[in-house]
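Peer 1: this is a predicted model, with the sequence first.
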Amino acid sequence: MIRESESWREMDWCLSQPKIELHAHLNGSIRDSTLLELAGVLGEKGIIVFKDVEHVILKNNRSLKEVFKLFDLIHILTTDHATVTRITKEVVEDFAAENVVYVELRTTPKRSESIGMSKRSYMEAVIDGLRAVNTIDVAFLPSDMGLKNSVRSPLIDNGTTRRKIYVRLLLSIDRRESTAAAMETVQLALEMRDLGVVGIDLSGNPVIGEWETFLPALTFAKEQGLPVTLHCGEVPNRTEVQSMLDFLPQRIGHACCFEEEEWAKLKSSRIPVEICLTSNIRTESVSSINSHHFVDLYNAEHPLVLCTDDAGVFSTSISREYLLAASTLGLGEREMFTLARNAINFVFADDVVKNDLRKIFVSAAEKLE
Ligand code: 6MZ
């Protein structure tokens, strides 16, 4: 167990180590300061009442229901092309500042006829955000496109190493969407593979929507070789959890409300789990950190990866998630390092990226001793 006096040193250590983030929702990862600024602008235009919105943004403890109300508000503040570009840039900068060396950023492509936004133009605005980052090198194109599209080398002219982050995109299907809209998202993901899109996510309010609605689009993604990750068991729903496990997605997120039979199925399937500790506790999907299923999965050596989910909404960071896991399980530096490194095996990017990530971790390991 990490004592209070040690926690600052441990936090510095977590910050300094290379990390991989595989479950981060773009609109859940926005800085509070940016949300407040955007709310101020809409307040001045009379579109919202700033005072009403301010305390909603700054509130810390939210139920799952309140979280999804907040997302509706965030979407009002962020859904125009320039803002989508801005938040993407900031979110990537924030992950890189924490030594995240690879992030899979997921977002729901949105359509808004009144401002001429299509799912495709929304995603183009996201990609503009990746291109707009200039303080670090952002490598987001598939490895075989890398040279042609010239992601700057990590070494700049004066010989100093610039920080580099790999970014890949997952397109989310929102559980409010129809089969046709879900299919459109998968189609778009396939068309944007050359632009760093590597997979599909199913997310959104877990009490809304039926698995059967999304199944045709998810099956199509699978047939096309596009990896899929599913929000699975965020609320109790045994039939859905079993159908999701039977689908054999490449990864699942959360896995909170499982019964014995589902745990057995998950463990024998070896499907990697994206663990979001703070999110699960804040939304009360799990009652306490000590009873979090992470403990059992870790001890069973089940494939897992620590993630933030919504760093902005839950006021957390990937380093904090590592610290939380370490203090819960009494993990040492070597074990935390191994936990972070193992995530390489679960990324959706190609082998060239995986090999580069392995090199990054090998060189970090040399400094560990
Ligand atoms: C399920 C979640 C989520 O896509 O607009 N999202 N879905 N469970 C969660 N746990 C708390 N956190 C976020 O990012 C926000 C969207 O991501 C999904 C919701 O659909 C939310 O509207 P984007 O960038």
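Peer 2: Received the coordinates, thanks. Residues are numbered from 1 along each chain as shown.
Peer 1: what is the distance between stretch 69-76 and the centre of its chain?
Peer 2: 18 Å (Cα atoms, centre = their mean, to the nearest Å).
Peer 1: please apply the same query to stretch 250-261.
Peer 2: 17 Å.
Peer 1: what residues does the stretch 51-200 of the chain have near the ligand?
Peer 2: 67, 71, 107-108, 172, 174 (Cβ under 6 Å from any ligand atom). Glycine gets a C-beta too; all of them are placed from N, C-alpha and C.
Peer 1: where does residue 244 sit: helix, strand or coil?
Peer 2: Secondary structure, DSSP: H, G, I helix; E, B strand; the rest coil: residue 244 is helix.
Peer 1: so where does the nearest residue to residue 242 once chain neighbours are set aside fall, helix or strand?
Peer 2: In space, and not counting its chain neighbours, residue 242 is closest to residue 262: 6.6 Å by Cβ to Cβ, 6 or more residues apart in numbering. Using DSSP states H and E, residue 262 maps to helix 260-269.
Peer 1: residues contacting the residue nearest to residue 242?
Peer 2: 233, 238, 241-242, 245 (Cβ atoms under 8 Å, 6 or more residues apart in numbering).
Peer 1: which among those are in contact with the ligand?
Peer 2: Restricting these to those near the ligand - Cβ under 6 Å from any ligand atom - leaves none.
Peer 1: list only buried entries from those residues.
Peer 2: 233, 241-242, 245 (16 or more other Cβ atoms under 10 Å).
Peer 1: can these go into JSON lines with extra columns for pLDDT?
Peer 2: Shown next, in JSON lines, are those (pLDDT from 0 to 100):
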{"residue": "233", "pLDDT": "97"}
{"residue": "241", "pLDDT": "98"}
{"residue": "242", "pLDDT": "98"}
{"residue": "245", "pLDDT": "98"}
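Peer 1: just the closest of those residues to residue 227, please.
Peer 2: Closest to residue 227 out of the buried ones among the contacts of residue 262 is residue 245 (16.1 Å), distances taken as Cβ to Cβ.
Peer 1: what's near enough to touch the closest one?
Peer 2: 232, 252, 262, 265-266, 269, 271.
Peer 1: what's the single longest strand in this protein?
Peer 2: Looking across the chain with DSSP state E, the single longest strand is strand 164-174.
Peer 1: by neighbour count, which of the contacts of residue 245 wins?
Peer 2: In terms of neighbour count, residue 232 stands highest of the contacts of residue 245 at 28 neighbours, by other Cβ atoms under 10 Å.
Peer 1: so who does it touch?
Peer 2: 240-241, 244-245, 249, 252-255.
Peer 1: quick one: low-confidence parts of the stretch 151-300 of the chain?
Peer 2: Across the stretch 151-300 of the chain, the ranges flagged by pLDDT under 70 are 151-161.
Peer 1: can you give me the strands in it?
Peer 2: 164-174, 197-203, 228-232, 251-254, 273-275 (DSSP state E, counting those that start in this stretch).
Peer 1: I'd like to know which elements the last one is packed against.
Peer 2: Put plainly, it is strand 273-275. Contact partners of strand 273-275 among helices and strands, from 3 or more Cβ pairs under 8 Å, 6 or more residues apart in numbering; DSSP states H and E: strand 251-254, helix 293-299, strand 304-306.
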